[in-house]
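Asker: Turn this into a structure:
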Amino acid sequence: MEAPQNIKVGGFVLNRARGRLEDGTGAECFLRPKSYRVLEILFERRGQLVSKDDLVSAAWPDVTVSDDSLAHCVSEIRRALGASGAELLRTVPRRGYMLAGDVTPPEILFRGRRLAWIGGLTMAITAAILAIWWGSGLEGPISEPVTTSPAMLQADVLLDARDWQSRVDNQHARMLLTEIVESDPANAEAWASLGLTYWLEVQHLSWGGGRREMALASEMVERATALGGGARAHRLLAEMRLLAPFPEMRSPVDAMANARAAATINPDEPDNLAVLAHVLALTGYDSEAVQAIERAMRLNPNPPDWYRHVAGMSYLITGEPARAAEAFGPLYGAGTFTGTRWWPGWLFAASLAQTGRIKEATAIVDAAAGRRPEQSIAAVQLSLGGWSDRTSLERFLDSLRLAGLPD
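Answerer: Residues are numbered from 1 along each chain as shown. The predicted structure follows:
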């Protein structure tokens, strides 16, 4: 029998006649040829576990490739599916991948037994059974029991503060995490945390991280997402795609897809909402940004400083400079212009200027002299590459002009 030209799973269609993946509107979801081929194999065997070896041999016949090639393809597929398809592609640790979705006839094989769904079931019942199926597993458990080692716990404690003054802690965490991934290369959480150590090298100006560290951070967190790292890996990847200081490594679209995926996977995790708010604010969705960060702060009544940073930015962009100044005020101090690449000092100055407190705004701009490499509007704009909404960015820069920063 001739293979069907179109295969539908979830809200997506694999259009084999045109060799592309399409969303529910018929728009193409871009994939490179090898990523398309990997997805095609998963579509053909949807509802089944496909081993890594099978995927590699089918997608790269007569060619020897590493697991990294497959991992990059899976990562690209996840980005193409976006938040709406976040739960379609499942990773079975150490075994392979599986594509879920609308399977007709609805017949699923479980280890050691077979469930035959009889025709005439309603869509609601089918959806309920599919939910049970994902919870109980196919061919064994989808998510193997997670046991967090003492070394992993110690590394996470060291990284939790993200303190720009604690580089020694970051290096210690990296040493622990490197040992973990060497002994357990399928440990998605360890790969994500290891990527975070390199991302912090880039974020913290005094640590001097450059393109090499940025590339390593992206590679490791992408590997974590390919291994099924869940919301945290998507959240970190969203940060990197939004705030990378190197233009070729930024992608607002990719940042949004990963931020929404993290919030979809775990909508009650305040960190997911805070990162989503950051992406929304800098890409022009100011009202949504305020809603997301305020919900994050309700879920975490003792929020870290970076929540307040995102809240202040969201208020400033949405046209509430007084609330922005209130959020930024407690963050202003000795480390305002010396810590991370994303500092609250310029934003605080802009907030004060917009409320008419020009002298206070000017004092903050003057305090940056000799402490920041950016000494002009053009230099500040260049450093804010992740701010892709041009309207709000120009309004922010005009506020700094009011505070006395020269062009």
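Asker: Helix, strand, or coil at Thr91?
Answerer: Local secondary structure at Thr91 is given as strand here, using DSSP: H, G, I helix; E, B strand; the rest coil.
Asker: what ranges of this protein fall below the confidence cut-off?
Answerer: Scanning the chain for pLDDT under 70 picks out the ranges 1-5, 66, 68, 83-86, 93-94, 101-148, 332-344, 370-372.
Asker: What number of residues are in the vicinity of Asp407?
Answerer: The number of residues packed around Asp407, counting by other CB atoms under 10 Å, is 9. For every residue, glycine as well, the C-beta is placed using N, CA and C.
Asker: start the count at 758, not 1, going forward
Answerer: Okay, using 758 as the starting number, the last item reads as Asp1164.
Asker: Just confirm it contacts Ile1134, I think it does.
Answerer: Yes. The criterion here is CB atoms under 8 Å, and Asp1164 meets it with Ile1134 at 4.8 Å.
Asker: Next, show the common contact partners of those two.
Answerer: Common neighbours of Asp1164 and Ile1134, using CB atoms under 8 Å, 6 or more residues apart in numbering, are Arg1158.
Asker: hey, where'd the helices end up in the stretch 958-1107 of the chain?
Answerer: Along the stretch 958-1107 of the chain, the stretches classed as helices by DSSP state H, counting those that start in this stretch are 968-983, 987-1000, 1009-1022, 1027-1039, 1043-1056, 1062-1074, 1078-1085, 1102-1111.
Asker: could I get the ones you listed as CSV with distance to Ala918 and mean neighbour count?
Answerer: Putting the helices of the stretch 958-1107 of the chain into CSV (distance: least, CB to CB, whole Å; neighbours: other CB atoms under 10 Å) gives the following:
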stretch, distance to Ala918, mean neighbour count
helix 968-983, 18, 22
helix 987-1000, 16, 25
helix 1009-1022, 21, 23
helix 1027-1039, 14, 27
helix 1043-1056, 18, 20
helix 1062-1074, 10, 24
helix 1078-1085, 20, 22
helix 1102-1111, 20, 27
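Asker: Now do the domain split for this structure, please.
Answerer: 763-893, 1026-1164 (automatic domain parsing).
Asker: highest average neighbour count across the ones you listed?
Answerer: Highest mean neighbour count among those (mean count of other CB atoms under 10 Å): domain 1026-1164, with a mean of 19.
Asker: Tell me the gap between that domain and the middle of its chain.
Answerer: Relative to its chain's centre, domain 1026-1164 lies at 21 Å (CA atoms, centre = their mean, to the nearest Å).
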